[in-house]
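J.: Could you look at this predicted model? Sequence included:
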Amino acid sequence: MEDPDIIVAGAGMAGSLAAAAAARGGAAVLLLDRNDNTVVGKKTNWGWVCGDAVAKSHTDFIEKELGIKLGEPVLDVKVDGVQVLSPDMQNKFPFEGEGYSLNRPKAAQYFAGLAVKNGAEYRPHYEVGGPLLEGNRVVGIYGRDEKGGQVEIKAKIVIDTLGIASTLRRKLPPNDYIESTVSTDDIESTGRYIAGFEQDGEDPNYYDPKNALIHLNQVLAPGGYGWVFPKSGKRVNIGLGVEKKSLEVRNSKLGKKDTLHSLIDDYVKWNHVIKGIRIDTEDGNGKGYWSVTVRRQFDSLVYPGYMGAGDSMAMPNPISAGGIGPAMVAGVLAGEVAAEAIAANDASMEFLWKYNVRYNDLYGNKTAALEAFRIYLQSLNNDLINYGMSHFLTKQEAEEISYGRIPKITIAGTFNKVLSGISNINAFRNLIFTVNKMKRMNELYGKYPGMSGFLDWKKAVNAEMREVKERFPPNPI
Ligand SMILES: Cc1cc2nc3c(=O)[nH]c(=O)nc-3n(C[C@H](O)[C@H](O)[C@H](O)COP(=O)(O)OP(=O)(O)OC[C@H]3O[C@@H](n4cnc5c(N)ncnc54)[C@H](O)[C@@H]3O)c2cc1C
């Protein structure tokens, strides 16, 4: 394809679905990726590094929107839900409802195939270098082809789905819409094994074939959490994420020098049900490390000639780091709006703004509130998390929060639940502060602006988030 309407750069979850949706909408779409056809969507040399868990609500959305039906091998196993456990394992909160563990390599292959079936061209072995610019407008991309030659490709719209380290986003001209970098405070370093194992006894707090388990624990996974997600054939996806500052605080309090890698190995040993792990060798995808953002998506997802979806736009859920769902939803919406822009012969930023609004309505409107809650959570030590999960919130209230809805918690109404100890009372007061900030964030995102009101709106969001960050430095263990 010499002259595409739309270039989709990056054939991961967001990219292939953006290409599938845009081609379905009638546009000429070129989907590019550095990977060979046989390993589509591979994030890094480590493989398709991911926990692979996705909520059914998200797979339902893309099935409906793209007229497809997902099944095996893309959907590996079904789970009833996600259970979040307190550090002392005494409390378990439900989170996000039914879902699946994906077979990531197969899912990536299937979605890229769908894009091609819908009429897109997939070009492998293309290493994207950056955006081609005319003034402040993105008019294409430059990069290297398989033979190492510089190749420029022009298009009316470029959709950036290159993932967290996007070379397109980072090379946009400085602007008020899309940030070029993400603060390290908003990034989790993560890693995981996919492995077969011998089951030593039954304990659904450590392994549950019907539920994805999340272990909150500031010693095991400072500023993040550990997870055990079931996979088919008596295998698990087991791993954890940490936040850099929280790890430093935790190490200095404990006099340790643990790293992400040592913590993952310790977490596997800590699990008394999962024994004798055998790391998968298929696809070279059994062991890997990568980063994930845990902030709200960028305030705008569009720029002249440019749209972004998935990790390139910091879309993973700030509490769970679940980025597959938002990447899929955003990919489809970006592809649809891009195709509409081509059909209307209007690829202006004003036209593309529709995508900001649609994404905000469907998913983005809750993420700033969740970011505020995540920052609060990282400031609690294990004792406070234990106490909070047994005294501050009911299961139902916690579940509300996981969906970005704000439960009615008031000091007067809940104070009798909060027993003794000054630090517990302070943590509870801080929860009330956080819940109020979450409400405020939801109000602001409920009024996501048009282009003209954007800068004032953004200022208001940033001011609220700054207050949250200033109040809650990390305080693990
Ligand atoms: C350890 C870990 C566990 C996770 N667990 C979960 C989970 O359980 N559930 C969940 O929902 N989310 C999880 N996530 C997040 C999830 O994996 C991501 O949100 C998701 O993969 C985002 O998809 P994407 O399409 O935006 O980007 P990616 O999957 O990163 O795809 C980007 C694509 O672009 C290609 N590419 C990048 N740069 C270039 C370039 N310069 N030139 C050409 N091609 C390029 C890459 O090779 C890749 O094919 C986890 C993340 C990590 C790291």
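T.: Cool, got the structure.

J.: Hmm, G241 is touching A221, no?
T.: Yes: in this structure G241 lies within contact range of A221 using C-beta atoms under 8 Å: 6.5 Å. Any C-beta I mention is one placed from the backbone N, CA and C, and that applies to glycine too.

J.: Low-confidence ranges, the chain, go.
T.: Segments of the chain classed as low confidence (criterion: pLDDT under 70) are 410-419.

J.: more neighbours, G241 and A221?
T.: More neighbours surround A221 than the other of G241 and A221, with 30 against 25 (other C-beta atoms under 10 Å).

J.: ok, for the spatially most central residue of the chain, nearest residue in space, not its chain neighbours?
T.: Nearest to the geometric centre of the chain sits P316, at 1.8 Å (C-alpha atoms, centre = their mean). Of all residues not flanking P316 in the chain, G323 sits nearest, at 3.2 Å (C-beta to C-beta, 6 or more residues apart in numbering).

J.: Need phi/psi at that neighbour.
T.: Torsion angles at G323 (phi, psi; degrees, to the nearest 10) stand at phi -120, psi -10.

J.: give the contact list for it.
T.: For G323, the contacting residues are V292, T293, G310, D311, M315, P316, N317, taking C-beta atoms under 8 Å, 6 or more residues apart in numbering as the criterion.

J.: Swap in 6 Å and give it another go.
T.: D311, M315, P316 (C-beta atoms under 6 Å, 6 or more residues apart in numbering).

J.: quick one: which of these is nearest to L333?
T.: M315 (11.3 Å; C-beta to C-beta).

J.: List the contacts of whatever residue of the stretch 351-477 of the chain ends up closest to the ligand.
T.: Of all residues in the stretch 351-477 of the chain, the one sitting closest to the ligand is Y363 (12.2 Å; C-beta to the nearest ligand atom). With contacts defined as C-beta under 6 Å, 6+ apart, the neighbours of Y363 are P326, V329.

J.: Dump the contacts of G323 into JSON lines; add secondary structure and distance to A108 as well.
T.: Written out in JSON lines, the entries for the contacts of G323 read as follows (DSSP: H, G, I helix; E, B strand; the rest coil; distance: C-beta to C-beta, whole Å):
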{"residue": "D311", "secondary structure": "helix", "distance to A108": "14"}
{"residue": "M315", "secondary structure": "coil", "distance to A108": "17"}
{"residue": "P316", "secondary structure": "coil", "distance to A108": "17"}
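
J.: Over to the residue of the stretch 351-477 of the chain closest to the ligand: give its phi and psi.
T.: Here is the backbone geometry of Y363 (degrees, to the nearest 10): phi -140, psi -40.

J.: same thing with L240?
T.: Summarising the backbone geometry of L240 under the convention degrees, to the nearest 10, its torsions are phi -160, psi 170.

J.: Enumerate the residues of the stretch 201-350 of the chain near the ligand.
T.: Those residues of the stretch 201-350 of the chain that sit near the ligand, judged by C-beta under 6 Å from any ligand atom, are G239, W290, V292, G310, D311, P316, A321, G322, G323, I324, G325, A327.

J.: next helix or strand past the longest helix along the chain?
T.: Across the chain, the longest stretch assigned as helix under DSSP state H is helix 422-446. The element immediately downstream of helix 422-446 (helix or strand, assigned by DSSP states H and E) is helix 454-471.

J.: how is the chain carved up into domains?
T.: The domain map for the chain lists 6-76+102-183+294-365, 184-292, 366-471, with the assignment taken from automatic domain parsing.

J.: Do any residues in the last one lie close to the ligand?
T.: No: judged by C-beta under 6 Å from any ligand atom, domain 366-471 makes no contact with the ligand; its nearest approach is 12.8 Å.

J.: okay, how far is it across that domain, tip to tip?
T.: End-to-end distance for domain 366-471: 21 Å, by C-alpha to C-alpha, to the nearest Å.

J.: before we move on, what about the first one?
T.: Across domain 6-76+102-183+294-365, the terminal residues are separated by 27 Å (C-alpha to C-alpha).

J.: Centre of the chain to that domain, how far?
T.: Using C-alpha atoms, centre = their mean, to the nearest Å, the mean C-alpha position of domain 6-76+102-183+294-365 is found 13 Å from that of the whole chain.

J.: buried set for stretch 366-379?
T.: Of the residues in stretch 366-379, those scored as buried under the neighbour-count criterion (16 or more other C-beta atoms under 10 Å) are 366-379.

J.: Next: stretch 126-138.
T.: With burial defined by 16+ other C-beta under 10 Å, the residues of stretch 126-138 counted as buried are Y126, V128, G129, G130, P131, L132, L133, R137, V138.

J.: Just give the nearest non-adjacent residue to I214, would you?
T.: For I214, ignoring the flanking residues on the chain, the nearest one in space by C-beta to C-beta, 6+ apart is V84 at 4.6 Å.
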